[in-house]
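> kindly generate the corresponding structure for this input.
(chains A, B, C and D)
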Number of protein chains: 2
Amino acid sequence: MTQTSTETYRLKGRLWIEGSEGTFLGYGRVVLLERIGEHGSISAAARSMEMSYRHAWKLVDSMNQQSNTPVVEKSTGGKGGGGARLTEAGKQAIATFWSAYRDYKAFLAQREKQLELL
Amino acid sequence: MTQTSTETYRLKGRLWIEGSEGTFLGYGRVVLLERIGEHGSISAAARSMEMSYRHAWKLVDSMNQQSNTPVVEKSTGGKGGGGARLTEAGKQAIATFWSAYRDYKAFLAQREKQLELL
DNA sequence: ATCCGTAATATACCGATGGGAATAACGATG
DNA sequence: CATCGTTATTCCCATCGGTATATTACGGAT
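The predicted structure follows:
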């Protein structure tokens, strides 16, 4: 027995849905969509996470451009200065991603048990 | 029908095995291990891919530190200046990762068929 | 007409990551 | 004991994503 330390290993992964222009939906993007749904604006959603408005705006723009129908509808000016709200396609996108994500997590947890390392 | 463009979506992901200090095995690391096995040195392995020796060395160091038994044995000086060779644990690590990787690819391909987006 | 908070956009900066070059140690071989 | 190609290690630099900051456009409410 010359075993000094015994490492334990975890199987980890990232999951995302790709469109024609790269990433369409990923974990952070979907959380952002949810926050937009809760707060009613991109800026409030960005503040609620640890994300800059610039970054959040780019993500929303990227998702809208790659979606067959926009996931977020934005309005500028007006009461409260404007805002943003989820579309039906947006809600559907969230559900679709979480569904795949749950399956993915389950796969990882299951597959992790079979790891055999020396 | 107001459908302008019809995006098709792909389910993509990354997979890696984590130890106590972060990533232990990933796609690039395992390819590097294989190349070391083929070429007999870290530097030749690095040259054979598009990787700097500095980077390759750090990856090998990280893997060795996190493995219960080293994955690469290195020798300095001597005929040919030294070299590096895979250990049994290294070969095992490669096999373990590719096995998980294949399953993971199969999972992604299968799960992709179930994506439903608007 | 003014105010307000948001969308929209450009610019400058910052921090991490990896690359390249440079240097030293190493040890069998001739 | 000089050579040689590798391991090992330390600098500095280019690149790149994201942050912070600043500015403009917008339009309903007062």
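
> quick one: low-confidence ranges for chain A?
Applying pLDDT under 70 to chain A flags the ranges A:1-4.

> can you pull the contacts of the residue of it found nearest DNA strand C?
In chain A, the residue that lies nearest DNA strand C is A:Gly81 (2.2 Å; CB to the nearest atom of the strand). C-beta coordinates here come from the backbone N, C-alpha and C atoms, glycine included. Contacts of A:Gly81 were listed using CB atoms under 8 Å, 6 or more residues apart in numbering or on different chains, and none were found.

> for chain A, longest strand please?
Identified as the longest strand of chain A according to DSSP state E is strand A:10-19.

> same question for the helix or strand that it is followed by: list its buried residues.
Sequence-wise, the next helix or strand downstream of strand A:10-19 (DSSP states H and E) is strand A:22-26. Buried residues in strand A:22-26, counted by 16 or more other CB atoms under 10 Å in any protein chain shown: A:23-26.

> ok, stretch A:33-41 next?
Applying 16+ other CB under 10 Å to stretch A:33-41 flags A:33-37, A:39, A:41 as buried.

> any idea which of the residues you listed is the one closest to DNA strand D?
A:Ser41 (12.4 Å).

> which one is that closest one nearest to, not counting chain neighbours?
A:Gly83 (4.4 Å; CB to CB, 6 or more residues apart in numbering or on different chains).

> show me the contacts for that neighbour.
A:40-41, A:74-75.

> and those as JSON lines, adding secondary structure?
Shown next, in JSON lines, are these (DSSP: H, G, I helix; E, B strand; the rest coil):
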{"residue": "A:Gly40", "secondary structure": "coil"}
{"residue": "A:Ser41", "secondary structure": "coil"}
{"residue": "A:Lys74", "secondary structure": "strand"}
{"residue": "A:Ser75", "secondary structure": "strand"}
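
> chain A: strands as residue ranges?
Using DSSP E, strands in chain A cover A:10-19, A:22-26, A:72-76, A:82-86.

> what distance do you get for the residue positioned nearest the centre of chain A to DNA strand D?
Residue closest to the average C-alpha location in chain A (CA atoms, centre = their mean): A:Tyr27, at 2.5 Å. Computed as CB to the nearest atom of the strand, to the nearest Å, the A:Tyr27 to DNA strand D distance reads 12 Å.

> near the closest residue to DNA strand D within chain A, how many other residues are there?
Residue of chain A nearest DNA strand D, by CB to the nearest atom of the strand: A:Gly77 (2.1 Å). Residues near A:Gly77, counting by other CB atoms under 10 Å in any protein chain shown, number 7.
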